[in-house]
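# Can you look at this prediction? I've put the sequence above it.
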Amino acid sequence: MNTKLYKIDLNNIDAEKMQEAGDLIAAGELVGFPTETVYGLGGDGLRPDAAKKIYEAKGRPSDNPLIIHIAEVSDLDRVGKNVPEQARKLADAFWPGPLTMIVWKKDEVPFATTGGLNTVAVRMPNHPVALELIRRSGKLIAAPSANTSGRPSPTEASHVMGDLDGRIAMVLDGGPVGIGIESTIIDLTEPVPMILRPGYITPEMLSEVLGEEVIIDPGIIAADDTTKPKAPGMKYKHYAPKADMVIVDGEEAAVVEKINALTQEAHASGKKVAVVATEETKDRYTSDVVLNIGARQDEDSIARHMYKILRECDKLDVEVIFSESFKTPRIGQAIMNRLLKAAAHQVIHL
Ligand code: TXA
Ligand code: MG
């Protein structure tokens, strides 16, 4: 299949190109598109054959459900059954935006989309191209992140092309995304609202709007396999670079010293090393390859560059990655959730 790549100017969205993309979705084809979090791989959310195509293109296990993307808040009731009042409050506060809600599904939503579950994940993205694509298709769009299963989520159209060129009908290039990590997922079918995946919207923000406690799925905090996460996708080894990755956690000066010592050892045994550093520390490392993930002063910049940096490590063919730890104040939990998986939970605490 020849994958068409269309550049879309966000200040002047091309109606013809968007209609062509929408028509492809309506015809059961797949289109890669930007959202504010990461790029998505979209297909008709109510068609089992489109869901099947998505799983095939990504090489994703079909028990891992897809998020349905909507362009009008009222469409929540087209897919959700007995939608609770909490969902309305959260939609009011955070949609369009980086929040996915899990509610009971209506019969119209095929099990192919929900990975066999009786619940459905719904999100209204805050991106003009995503919203326009949904509207022009006249459909609700099921979309996982547009990466090959097991690779870092794509934050630029080139990442989508790198993984899926020749496997899908079209990619819409809206430039680099703004947030860089996937949406927060909150499950509203539990007695107490439960976060299944941390993201840009924090537990505190959710709890404040709901006026009640919000808990975090114990399965995503456990470093071992004893507690299974509820979101099927969170159990897979995800976001993994090809290299062996180790996170070093502690006081800044001690971390720099430790990483430099580890780099020297790895170099001595002939290994190619990359160090993941920050704006503040990047000039203090001795490795040939030092990648600047962003500034601690601006934690959003760290989230925005994380997946791109992991992809760069693959491109540079490094064998070992030493990374600083990023327990930043607001979204550190979401960043570390991804980074710990990338490192298969190998952490040196100083
Ligand atoms: O920011 C995002 O959410 C991006 C953009 C494209 O919107 N999408 C995304 O989709 O990250 P995906 O498929 O890569 O991740 C969806 C996660 C998976 O971990 C999946 O298991 C979980 O959501 N999920 C989907 N439906 C679910 C359900 N009914 N119950 C529990 N977990 C669900
Ligand atoms: Mg994904």
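Nice, I can see it. Ligands and ions are numbered 1, 2, ... in the order given.

# How about R284: what's its closest non-neighbour residue?
V256 (4.9 Å; C-beta to C-beta, 6 or more residues apart in numbering). Just so you know, the C-beta spots here come from the backbone N, C-alpha and C atoms, and that holds for glycine as well.

# beta partners of G32?
L41, V171 (DSSP bridges).

# quick one: contacts for it?
Going by C-beta atoms under 8 Å, 6 or more residues apart in numbering, G32 touches 39-42, 146, 154, 157, 160-161, 164, 168, 170-172.

# again, only using 7 Å
By C-beta atoms under 7 Å, 6 or more residues apart in numbering, G32 lies in contact with Y39, L41, A146, V160, L164, I168, V171, L172.

# of those residues, closest to R284?
In terms of C-beta to C-beta, no member of the contacts of G32 lies closer to R284 than Y39, at 33.6 Å.

# what stretches of the protein score poorly on pLDDT?
Along the chain, segments meeting pLDDT under 70 span 222-225, 236-238.

# Around ligand 1, which positions in it sit nearby?
35, 37-38, 40, 64-67, 100, 102, 114, 117, 119-121, 123, 125, 143-145, 182-183, 185, 196, 230-234 (C-beta under 6 Å from any ligand atom).

# and the residue nearest to R284, which of the three is it?
Using DSSP: H, G, I helix; E, B strand; the rest coil, the structure places V256 in helix.

# which residue is nearest the middle of the chain?
Taking C-alpha atoms, centre = their mean, the centroid of the chain lies closest to E182, which sits 2.8 Å from it.

# That residue belongs to a strand?
No. Secondary structure of E182 (three-state DSSP): coil, not part of a strand.

# who wins for neighbours among the contacts of G32?
For the contacts of G32, the largest neighbour count, defined by other C-beta atoms under 10 Å, is 31 neighbours, found at Y39.

# Residue of the chain closest to ligand 1, please.
G233 (2.1 Å; C-beta to the nearest ligand atom).

# Might one say that that residue is in contact with L66?
No. Checked against C-beta atoms under 7 Å, the pair G233 and L66 is beyond contact range at 9.5 Å.

# Compare those two and say which is more crowded by neighbours.
Ranked by neighbour count (other C-beta under 10 Å), G233 and L66 place L66 first, with 27 against 23.

# Could you find the closest non-adjacent residue to the more buried one?
In space, L66 is closest to A142, 4.1 Å off (C-beta to C-beta, 6+ apart).

# and the one you found, how many neighbours?
A142 has 30 neighbouring residues, counting by other C-beta under 10 Å.
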